[in-house]
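**Q** here is my input; please provide its structure:
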Amino acid sequence: MKGSVLVIGGAGFIGSHTTDELFGRGYKIRVLDSLHPGVHFGKWPEWVKPQYQKIKGDARNPRTVAGFEAKKDESMKGESRLGR
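**A** Here you go, the predicted structure:
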């Protein structure tokens, strides 16, 4: 295992492809996603692998991200905004 990566927005199109690529290269994957109701209907999509640690939360909330920053080797941002 190479290390861990926190992928913000990892349940979305770009983020999910990023997580799969990194996982294939030997990284431990942690996915932080808000599971926006307009996109994911509040549920984890089936393409987010069970081997990934899944965290439902908003990356704009400093308390959500603060706990993860100390526990990862790298982070990737694959999120996009819907609406606003």
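
**Q** find the nearest non-adjacent residue to Asp58, please.
**A** Ser34 (4.9 Å; Cβ to Cβ, 6 or more residues apart in numbering). In short, each C-beta sits where N, CA and C put it, glycine included.

**Q** what's the answer for Phe41, then?
**A** Leu35 (7.9 Å).

**Q** got it, and Lys56?
**A** Leu35 (5.5 Å).

**Q** cool, and His40?
**A** Per Cβ to Cβ, 6+ apart, closest to His40 is Ala11, 5.9 Å.

**Q** His40 and Gly9 touch, don't they?
**A** No - contact criterion Cβ atoms under 8 Å: His40 and Gly9 do not qualify, at 10.8 Å.

**Q** the two: which has the busier surroundings?
**A** Just comparing His40 and Gly9: by other Cβ atoms under 10 Å the higher neighbour count belongs to Gly9, 23 against 16.

**Q** which non-adjacent residue is nearest the residue nearest in space to the middle of the chain?
**A** Centroid check for the chain by Cα atoms, centre = their mean gives Val31 as the closest residue, at 2.5 Å. Ranked by Cβ to Cβ, 6+ apart and with sequence neighbours excluded, the top spatial neighbour of Val31 is Gly10, at 3.3 Å.
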